[in-house]
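1. Pasted the sequence and its predicted model underneath.
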Amino acid sequence: MLWPITAVRDPQGELTIGGVRVSELAAEYGTPLYLYDAATIRARCRAYRDACAAAYPRSRVVYAGKAYLGAAILGIIAEEGLWLDVVSGGELVFAVRAGFPPERIVLHGNNKSAEELALARRLGIGEIVVDNHHEIDLLETLARELPGSFDVLLRINPGIDAHTHEYRKTGIVDSKFGLLIAPGDAARAVERLLAIPGVRLRGYHAHVGSQINELEPFVAAVDVLFGFAAEMRARFGVVPEQISPGGGLGIQYLAGEPEPDIAAYAELVAGAVARAAAREEFEPPLLAVEPGRSIIGPAGVAVYRVGAIKEIPGIRRYVCVDGGMGDNIRPALYGAEYTAELADRAGGDGAPVTLAGKYCESGDVLIGAVTLPEPRAGDLVVIPAAGAYCLAMASNYNLALRPAVVLVGEEEGAARLIQRRETYDDLLTREVGQVGARSGSS
Ligand code: LLP
């Protein structure tokens, strides 16, 4: 699916989402604007939950908040019964202050600090995914200084090369993430974790990458985890209560692209876990999956207003919008491809145009070639599948103001602002001192 499930064109050809015209939302909240459809988020949470529950006796769905964290969105994730994966002190504190239950939070990260680990312990979070030996050093110190307990998973680097952008591969041998099995790093980590008071090693985790459209790498990761688990049982007598093949299922960005199927994914992964557990003679452990993009990506739509249009005869027509690489770095960073439409007129014919942003950078192009129906200044451009890793990676480059976010789809025809647009005042809030005023002088 490319668009949120509640998106339709009304009889006048206007795009409506959750029963609200996008043009009305743009008029009320300004642009660039990000819209999230609550109905789509809930449907995707349930698709994961139900498919996992149907395919496997004990499963857990953990939303990877790095794809997009918003307090209102977390409310939906919590209500749908999912857990939450965070990767920094910032995400952790944000989630807890927003009211997400700490006992359902999992902390990831390849370079967690002592402060982040102590914070996690004080907040009483559900689990920590241990990534490396430096982190184990920190946990040993923490066990002495701040007694308490931690449930931990050990992140294994499975050495699997999934087909995705180089920057999105996380499970290849040459990766900063996870512990390698072959040189004995992972086994040594198990031995060390078992010796730390208060640390309970619950199982093993692997993550092969993101925006993965084929299912085999997930199965391969499961097999590696169980092979390792069997070895650890033989050496240390430890049995995994949980196995997690991470997240990473892709989504559709362009019409006609194949759409990865959540139910097929869940069935395949669950089948792989059940088979591997039987083969290695383990009780079937809890299966945890960790989707981010495939829950939130299709629920989000970016809305921009067209300004300047530049025609270079015989070469190209640039249609410039009021956002760009500051709110969506993915095209510039990964060559990610998107499609677009106009909010108030369907269709598209004539020569394709280049959809450029407003940042002072030639690479600030959102879409290299897209066909739109005669775009003019003032038109609203909408980009689907913009819910994941756009706002989450947004910056203030050129001191642009980060967009407002509106939630629709809670009730037909209703919309609510869930994050206000940044203001010029916000840009100065962290500044210390002013032109002409030297700090420290008396
Ligand atoms: N679990 C772990 C340990 C991860 O590292 C990630 C993503 C996920 C779960 C969620 O993966 P997802 O289901 O969202 O694919 N900025 C990149 C994606 C980076 C993903 C990093 N890790 C992009 O825009 O494509």
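-> Received the coordinates, thanks.

2. List, one by one, the residues from the stretch 301-442 of the chain near the ligand.
-> Taking Cβ under 6 Å from any ligand atom as the contact definition, the stretch 301-442 of the chain meets the ligand at R330, Y334, Y389. Where you see a C-beta, it was placed from the backbone N, CA and C, and this is true even at glycine.

3. for the stretch 101-250 of the chain, what spans make up the strands?
-> 105-107, 127-130, 150-157, 179-180, 199-205, 242-244 (DSSP state E, counting those that start in this stretch).

4. Give the burial count for Y318, as a bare number.
-> 15 (other Cβ atoms under 10 Å).

5. mind checking how far the residue nearest to it when sequence neighbours are not counted is from G324?
-> In this structure, Y318 finds its nearest non-sequential neighbour in K310, 4.3 Å apart by Cβ to Cβ, 6 or more residues apart in numbering. Counting by Cβ to Cβ, to the nearest Å, the gap from K310 to G324 is 15 Å.

6. Neighbour count for the two, which is higher?
-> Higher neighbour count among K310 and G324: G324, with 26 against 11, using other Cβ under 10 Å.

7. Next one, pLDDT for the more buried one please.
-> Predicted confidence (pLDDT) for G324: 98.

8. Same check on S439?
-> The model reports S439 with a pLDDT of 57.

9. and if you look at G148?
-> Note on G148: pLDDT of 88.

10. Would you list the phi and psi of it?
-> phi 160, psi -170 (degrees, to the nearest 10).

11. show me the contacts for the closest residue to it other than its chain neighbours.
-> Leaving aside its chain neighbours, G148 sits nearest to R121 (5.1 Å; criterion: Cβ to Cβ, 6+ apart). Neighbouring residues of R121 by Cβ atoms under 8 Å, 6 or more residues apart in numbering: L142, L146, G148, F150.

12. one step back: helix, strand or coil for the residue nearest to Y318?
-> Assigned with DSSP: H, G, I helix; E, B strand; the rest coil, K310 falls in the strand class.

13. how close does it sit to A206?
-> 48 Å.

14. Also A78?
-> In this view, A78 and A206 are 26 Å apart by Cβ to Cβ.

15. Also V370?
-> From V370 over to A206 the distance is 37 Å, taken as Cβ to Cβ.

16. so can I have a markdown table of the strands of the stretch 101-250 of the chain showing distance to D379?
-> Listed next are those as a markdown table, based on distance: least, Cβ to Cβ, whole Å:
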| stretch | distance to D379 |
| --- | --- |
| strand 105-107 | 42 |
| strand 127-130 | 45 |
| strand 150-157 | 46 |
| strand 179-180 | 51 |
| strand 199-205 | 46 |
| strand 242-244 | 45 |
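
17. For A377, find the nearest of those.
-> Closest of the strands of the stretch 101-250 of the chain to A377 is strand 105-107, at 45.8 Å (criterion: Cβ to Cβ).

18. what is the mean pLDDT for that closest one?
-> 98.

19. now the helices for this protein?
-> For the chain, the helices defined by DSSP state H occupy 22-29, 38-55, 71-79, 89-97, 114-123, 133-145, 185-194, 216-236, 262-279, 293-296, 330-334, 424-428.

20. got these as JSON lines, with mean pLDDT and distance to R438 columns?
-> Supplementary listing: the helices of the chain in JSON lines, determined by pLDDT from 0 to 100; distance: least, Cβ to Cβ, whole Å:
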{"stretch": "helix 22-29", "mean pLDDT": "98", "distance to R438": "40"}
{"stretch": "helix 38-55", "mean pLDDT": "98", "distance to R438": "49"}
{"stretch": "helix 71-79", "mean pLDDT": "98", "distance to R438": "39"}
{"stretch": "helix 89-97", "mean pLDDT": "98", "distance to R438": "31"}
{"stretch": "helix 114-123", "mean pLDDT": "97", "distance to R438": "32"}
{"stretch": "helix 133-145", "mean pLDDT": "96", "distance to R438": "39"}
{"stretch": "helix 185-194", "mean pLDDT": "98", "distance to R438": "50"}
{"stretch": "helix 216-236", "mean pLDDT": "96", "distance to R438": "56"}
{"stretch": "helix 262-279", "mean pLDDT": "97", "distance to R438": "58"}
{"stretch": "helix 293-296", "mean pLDDT": "98", "distance to R438": "46"}
{"stretch": "helix 330-334", "mean pLDDT": "97", "distance to R438": "38"}
{"stretch": "helix 424-428", "mean pLDDT": "97", "distance to R438": "18"}
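
21. Of the ones you listed, flag the one that's most buried.
-> Highest mean neighbour count of those: helix 293-296, a mean of 28 (counted as mean count of other Cβ atoms under 10 Å).

22. Not counting its own residues, what contacts it?
-> For helix 293-296, contacts defined as Cβ under 8 Å, 6+ apart pick out 36, 41, 44-45, 48, 63-64, 67-68, 73, 77, 210-211, 247, 249-251, 260, 262, 387-389.

23. With stretch 29-36 instead?
-> Here stretch 29-36 makes contact (Cβ under 8 Å, 6+ apart) with 4, 17, 22, 25-26, 70, 73, 296, 299-305, 321-323, 327, 380, 386-387, 390-391, 403-409, 417-418, 421.

24. Repeat that for stretch 417-430.
-> With Cβ under 8 Å, 6+ apart as the contact definition, stretch 417-430 has outside contacts at 29-30, 36, 70-73, 396, 399, 401-407.
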